[in-house]
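Engineer: Generate coordinates for the sequence data below:
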Amino acid sequence: MPRRKNSETTTLDTSRAKLGEPVPKAIIDTNTASVGIPRQPEQDLRVELSTLRKQIDMLQQQVLEAGRSAKDSAGKAIHQTEAVVKHYPLATVMLVAAVAGVFAFASHISSPRREPSALRDVRDFYDRMRQRI
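Structural biologist: Numbers count the residues shown, from 1 in each chain. Next up, the predicted model:
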């Protein structure tokens, strides 16, 4: 036996929803044997725009704070690096040279062997002259 809710009657709106409106769940009214969507309160676009503006302002503040934080962190890192370079100049030069050497070695290994461009140009010129003769 189906359970009945309150004997309260709800008027259902069976027309199509308008664009931009939230889509509510359909209701089955067992008293009138109808299916539909209850009437929704009219929404004020000014309220929605105001809410969106507040959210945008809040997001802008968060972005500004994140930028300031990143700038402060970068400044601290720069000052710490300067202090290390001042206290350990020889070790810093050796570290930079080692890193440059690693990059040079890695690029040398990863790139295929190529002839110097001057030698390649001379060979191309020689080949073109041979073809003409």
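
Engineer: Return the distance of residue 53 relative to residue 27.
Structural biologist: 34 Å (CB to CB, to the nearest Å). Yep, even glycine has a C-beta here, placed from its N, CA and C like the rest.

Engineer: er, residue 121 I mean
Structural biologist: Counting by CB to CB - residue 121 and residue 27 are separated by 83 Å.

Engineer: and the residue minimising distance to the centre of the chain, what pLDDT?
Structural biologist: Central residue of the chain (CA atoms, centre = their mean): residue 63, 13.2 Å from the mean position. The model reports residue 63 with a pLDDT of 95.

Engineer: helix or strand for it, which one?
Structural biologist: helix 45-87 (DSSP states H and E).

Engineer: Tell me the helix or strand right after that helix.
Structural biologist: Following helix 45-87 in sequence, per DSSP H and E, is helix 89-110.

Engineer: Report the distance from that next one to the chain centre.
Structural biologist: Remark: helix 89-110 is offset 33 Å from the chain centroid, using CA atoms, centre = their mean, to the nearest Å.

Engineer: mean confidence score for the next helix or strand after that helix?
Structural biologist: Proceeding N to C from helix 89-110, the next assigned helix or strand is helix 117-132, under DSSP H and E. In this model, helix 117-132 carries a mean pLDDT of 80.

Engineer: Stretch 73-82 too?
Structural biologist: According to the model, stretch 73-82 has a mean pLDDT of 92.

Engineer: switch to numbering from 218
Structural biologist: From this message on, residue numbering opens at 218, which makes the last subject stretch 290-299.

Engineer: roughly how far is it from the heart of the chain?
Structural biologist: Counting by CA atoms, centre = their mean, stretch 290-299 comes out at 27 Å from the chain centroid.

Engineer: export stretch 277-285 as CSV, just CAs?
Structural biologist: C-alpha atoms of stretch 277-285 as CSV (Å, rounded to 0.1, in the frame of the first residue of the first chain):
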residue,chain,number,x,y,z
GLN,A,277,41.4,38.7,-7.1
GLN,A,278,42.5,39.2,-3.5
GLN,A,279,43.6,35.6,-3.3
VAL,A,280,45.7,36.0,-6.5
LEU,A,281,47.2,39.2,-5.3
GLU,A,282,48.1,37.6,-1.9
ALA,A,283,49.6,34.6,-3.7
GLY,A,284,51.7,36.9,-5.9
ARG,A,285,52.9,38.9,-2.9
